[in-house]
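Asks: what follows is a predicted structure for the sequence shown.
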Amino acid sequence: MNINTAYFAGGCFWCMTKPFDTFDGIEQVTSGYMGGDIANPTYEQVKSGTTGHYETVKVEYDVALFSYNKLLEIFFSVIDPLDDEGQFQDRGSQYQTAIFYSNEHQKKLAEAYIAAMQDTINADKAIATKILPATTFYKAEEYHQDFYKKQPERYAKEQQDRENYKKN
């Protein structure tokens with residue numbers, strides 16, 4: 001196996017795990033924080049919106065079975081790339097969208113994907129998803145890991161809240 005790592009901030013990490021976790025070739029999806037100003041942040045600190053961290057998922061994938069472009073496709077299928085204030089009902093800088101690249105190849109693929117997407121959408125706004133260099137990834141507390149498996153009813157409610165927000 002040739003395992004590579006990708007990082008995506010797509011709003012609440014609870015809602016970002018399952019879309020990636022359900023494919024063959026995805027070895028691990030971990031909820032955490034990236035991009036902030038303090039080391040080892042807690043959920044309480046990050047959710048305050050004052051640390052500069054994004055709620056982020058770390059996706060470990062087998063490059064022989066899964067391409068980075070496929071990861072980008074999944075990521076953009078579950079976010080609103082035009083929203084610069086958060087995602088759906090989750091508002092604040094910690095819920096903004098970003099792609100954290102680990103190397104120049106990932107950066108170029110993300111830039112090309114966003115450029116192509118911008119050309120195909122009918123919107124007065126530019127895509128708000130940032131492309132940023134990966135920094136230290138801090139794993140979130142254990143109760144955030146595999147949230148959709150541990151608390152399926154609450155996860156379903158989060159998904160329903162997202163759908164309701166989209167309709168309004």
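Replies: Thanks, I have the structure now.

Asks: now do the helices in this structure.
Replies: For the chain, the helices defined by DSSP state H occupy 13-21, 43-47, 68-77, 104-120, 147-150, 152-167.

Asks: which other residues reach the fourth one?
Replies: The set of residues external to helix 104-120 that reach it, using CB atoms under 8 Å, 6 or more residues apart in numbering, is 6, 68-69, 72, 76, 81, 99, 101, 126-127, 129, 131, 133. Just so you know, the C-beta spots here come from the backbone N, C-alpha and C atoms, and that holds for glycine as well.

Asks: most packed of the helices of the chain?
Replies: helix 13-21 (a mean of 22; mean count of other CB atoms under 10 Å).

Asks: could you check the angle helix 152-167 makes with that one?
Replies: Per axes from the mean of the first three to the mean of the last three CA atoms, to 10 degrees, the angle that helix 13-21 makes with helix 152-167 is 100 degrees.

Asks: same for helix 13-21, what does it pack against?
Replies: Packing contacts for helix 13-21, counted by 3 or more CB pairs under 8 Å, 6 or more residues apart in numbering; DSSP states H and E, involve strand 3-10, strand 26-34, strand 54-62, helix 68-77, helix 147-150, helix 152-167.

Asks: could you check the angle it makes with strand 54-62?
Replies: Using the same axes, to 10 degrees: helix 13-21 against strand 54-62 is 10 degrees.

Asks: a markdown table for the contacts of helix 104-120, including pLDDT?
Replies: Shown next, in a markdown table, are these (pLDDT from 0 to 100):
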| residue | pLDDT |
| --- | --- |
| A6 | 98 |
| Y68 | 97 |
| N69 | 97 |
| L72 | 98 |
| F76 | 95 |
| P81 | 93 |
| I99 | 98 |
| Y101 | 98 |
| A126 | 88 |
| I127 | 93 |
| T129 | 97 |
| I131 | 98 |
| P133 | 98 |
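
Asks: nearest to G36, of the residues you listed?
Replies: P133 (13.7 Å; CB to CB).

Asks: thought the closest one was touching I99?
Replies: No. Assessed by CB atoms under 8 Å, P133 is found out of contact with I99, at 10.3 Å.

Asks: of the two, who's got more company?
Replies: Per other CB atoms under 10 Å, whichever of P133 and I99 has more neighbours is I99, with 27 against 11.

Asks: could you export the helices of the chain as TSV, including distance to T56?
Replies: TSV is the format used below for the helices of the chain (distance: least, CB to CB, whole Å):
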stretch	distance to T56
helix 13-21	7
helix 43-47	10
helix 68-77	11
helix 104-120	14
helix 147-150	14
helix 152-167	17
